[in-house]
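Chemist: Give me a model of this one.
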Amino acid sequence: MSAPTQRPPKVTEREARQVAEAARQQDWHKPSFAKELFLGRFRLDLIHPHPMPADEDVRRGEAFLAKLRAFCETRVDGARIEREARIPDETVTGLKELGALGMKIDPKYGGLGLTQLYYNRALALVGSVSPALGALLSAHQSIGVPQPLKLFGTQEQKDAFLPRLARSDISAFLLTEPDVGSDPARLATTAVPDGDDTYVLDGVKLWTTNGVVADLLVVMARVPASEGHRGGITAFVVEGDSPGITVEHRNAFMGLRGLENGVTRFHQVRVPAANRIGPEGSGLKIALTTLNTGRLSLPAACAGAGKWCLKISREWAAEREQWGKPVARHEAVGTKISFIAATAFALEAVVDLASQMADEDRNDIRIEAALAKLYGSEMAWRMADELVQIRGGRGYETADSLAARGERAVPAEQLLRDLRINRIFEGSTEIMHLLIAREAVDAHLAVAGDIIDPDKALADKAKAGARAGGFYARWLPRLVAGQGQLPGAYAEFGELATHLRYVERTSRKLARSTFYAMSRWQGKMELKQAFLGRIVDIGAELFAMSAACVRAELLRTTGEHGREAHQLADAFCRQARLRVAELFGRLWDNTDDLDRKVVDGVLAGSYTWLEEGILDPSGDGPWIAGTPPGPSERENVHRKIP
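Modeler: Sure thing, here's the model as predicted:
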């Protein structure tokens, strides 16, 4: 008889939402440009003049980038990593010797102490040579052990682990499970207290980036509530070679072929209570807070990819001729190159602005970082897709095949495969839409949430009504007129002023649309996910436009390609305005209701006749693998990189 599967706890949709809501950072102690943008308040003063790094940070960052560039040029073979589906040990060892594992770790613990700005530039550089190598460094420092320890660890934990993480030990973050993705309320891995000084971990974790080679793990597990134990989802630092840990499988993917991602089983793994990060029940809050800045590493890689797309499209489209002239001179191709150039400029502007804001720590950037991740992953994918189209058949052909027949080995198809995962991991596009939408309507829920909460008493609803009346009496009139209607507003930006006036006007329009939707749907608003996604996408475009204009003006005032930067920002903003117009049109004129009916029919089997005439090449097996408790029955494929 096979062992029973360890199943996630049964939870209702409401219970799942309550868990997610409890993990949110509830308060806003600092201003937020993006939060204000969604409320119809264009706070240009929060991002302009563009924040700048300190001279010492620049000196230290540029010095490391020079060393890293030389290393990548001479000791990283991206084609080999792609071909062998593995990062060579000597490459990782070289990065350790360079100090790359400790880019974000304080020098007092042996790290380099780089700012977020230079850390992200380093990731963009490494990722341009090998996206898998960039993912290894990012997972180690952005979501692995260093960041949560920096924010929530005790001094003893920092002293014990950070020196190792800065120089020798690779870390991984373990949250997802075979039947648990973006719904952590169903987390099945347990950490059962055994006395006062130990927890015992049991469970299986899936898609553990770096898990195959990690020396230290951040593990999220559920502590059962009991006497003396609050319980709840809790974070632990776990030694990767602890007895009872088995890496059962190294996963293979469409792209990022060198990614050390696997399935990790815990069976009776004993973890000292001293290795618990924060109090019991604070694991999700720690994870989400870590991601506030940790998410910036992914759009940094996307910005780097955009730069490469621009370089290849420029070189190829000038060389390749059709009908008597370079293909770049044909409008059908030229519009794609313009899109790539303008978007690459905007993505770098978004990443640099958000990174510098994180370094200054004057603003709450949780929404800005989420928007950067969402926008960067979507737009980088579009740029790569356009690059493949510009290259034609050569874009679809592998780099090895191109080289074998004597042509330049351009890995355009690999980039498309490598970038595709960015729209899924660290929060899929759909989840990011919901996460950002929740933050965007926070001010409304703070004053009117009790009105639409079915569990609130009439007295609570009455009090909420009074609060809401006062808030909206002050807020709504401010959405009628603003700086965006004054022809001379933002004149210091020259020809870009028209775009900033547009952002200000459109921000107010976005806020009015959100308010109208809340008035119309009230408690059902959270179910209107397609509508909320469009609201968020509009906000993302406005944020990117703002960042592009501010960056262009910075470059103009510093004398660094100012005229060209203004031209790129102008092109981007005009392209973005077309996308925004389409999104506004689809807020109220769409097929959302019909789509729901079609989905009901699909799930009911009404259209199975449409599936006839094909064969399904899928193999046998369950949709989701079972995770029976007990010791592993598989070989441990964990490998330690010396």
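Chemist: Now residue 562: closest residue in space that isn't a chain neighbour?
Modeler: Distance criterion C-beta to C-beta, 6 or more residues apart in numbering; nearest residue to residue 562, sequence neighbours excluded, is residue 556 at 3.1 Å. Heads up, the C-betas are built off the backbone N, CA and C, glycines and all.
Chemist: Next one: the one you found from residue 568, what distance?
Modeler: According to C-beta to C-beta, to the nearest Å, residue 556 stands 12 Å off from residue 568.
Chemist: quick one: the helices in the stretch 501-642 of the chain?
Modeler: 529-558, 562-588, 592-604 (DSSP state H, counting those that start in this stretch).
Chemist: State the pLDDT value of the residue nearest to residue 562.
Modeler: At residue 556, the predicted lDDT confidence score is 96.
Chemist: Tell me, how many residues neighbour it?
Modeler: Residue 556 sits with 20 neighbouring residues when counted by other C-beta atoms under 10 Å.
Chemist: Let me see the contact set for it.
Modeler: Under the criterion of C-beta atoms under 8 Å, 6 or more residues apart in numbering, the neighbours of residue 556 are 494, 562, 563, 565, 566.
Chemist: What distance do you get for the fourth one to residue 255?
Modeler: To residue 255, residue 565 is 32 Å away according to C-beta to C-beta.
Chemist: How about the first one?
Modeler: For residue 494, the distance to residue 255 equals 41 Å [C-beta to C-beta].
Chemist: Looking at those two, which has the bigger crowd around it?
Modeler: With neighbours defined as other C-beta under 10 Å, residue 494 and residue 255 compare such that residue 255 has more, 19 against 15.
Chemist: hang on, the more buried one packs against residue 413?
Modeler: No. Counting by C-beta atoms under 8 Å, no contact exists between residue 255 and residue 413, whose distance comes to 9.6 Å.
Chemist: now the strands for the stretch 251-400 of the chain?
Modeler: Using DSSP state E, counting those that start in this stretch, the strands of the stretch 251-400 of the chain run over 261-272, 276-277, 321-322, 325-326.
Chemist: in its sheet, what does the third one sit against?
Modeler: Meaning strand 321-322. strand 325-326 (antiparallel) (DSSP bridges).
Chemist: Quick check: ChimeraX command selecting the buried ones in the contacts of residue 556.
Modeler: Buried residues among the contacts of residue 556 (16 or more other C-beta atoms under 10 Å), as a ChimeraX selection:
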select :562,565,566
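Chemist: Let's test this: mean pLDDT of stretch 426-445, rounded?
Modeler: Per-residue pLDDT values over stretch 426-445 give a mean of 90.
Chemist: gap between the two ends of that stretch?
Modeler: The stretch stretch 426-445 measures 26 Å between its terminal residues, going by C-alpha to C-alpha, to the nearest Å.
Chemist: Name the residues that touch it?
Modeler: Counting by C-beta under 8 Å, 6+ apart, stretch 426-445 makes contact with 24, 28, 35, 38-39, 143, 182, 291, 294-295, 298, 366-367, 370-371, 373-374, 377-378, 423, 471, 514-515, 518, 525, 529, 532-533, 535-537, 539, all of which sit outside it.
Chemist: Residue 232 against residue 223, yeah?
Modeler: Yes. Judged on C-beta under 8 Å, residue 232 makes contact with residue 223 at a distance of 6.2 Å.
Chemist: before we move on, the earlier item: of the helices of the stretch 501-642 of the chain, which is nearest residue 638?
Modeler: The stretch from the helices of the stretch 501-642 of the chain with the least distance to residue 638 (C-beta to C-beta) is helix 529-558; that distance is 38.8 Å.
Chemist: Check the offset of the closest one from the chain's centre.
Modeler: Relative to the chain's own centre, helix 529-558 is displaced by 17 Å; criterion: C-alpha atoms, centre = their mean, to the nearest Å.
Chemist: What are the buried residues along that helix?
Modeler: When burial is assessed from 16+ other C-beta under 10 Å, helix 529-558 yields the following buried residues: 530-556.
Chemist: by how many degrees do it and helix 562-588 diverge?
Modeler: Here helix 529-558 runs at 170 degrees with respect to helix 562-588, directions being taken by axes from the mean of the first three to the mean of the last three C-alpha atoms, to 10 degrees.
Chemist: so where's the stretch 351-500 of the chain shaky on pLDDT?
Modeler: Applying pLDDT under 70 to the stretch 351-500 of the chain flags the ranges 450, 452.
Chemist: redo that, cut-off 80
Modeler: Scanning the stretch 351-500 of the chain for pLDDT under 80 picks out the ranges 445-464, 468.
Chemist: Then the stretch 501-642 of the chain?
Modeler: Scanning the stretch 501-642 of the chain with the threshold set as pLDDT under 80 gives 523.
Chemist: now the helices for the stretch 101-250 of the chain?
Modeler: So, for the stretch 101-250 of the chain - with DSSP H, counting those that start in this stretch - the helices run 116-129, 131-138, 146-152, 155-167.
Chemist: Return the most buried member of these.
Modeler: Mean neighbour count (mean count of other C-beta atoms under 10 Å) peaks for helix 131-138 among the helices of the stretch 101-250 of the chain, with a mean of 27.
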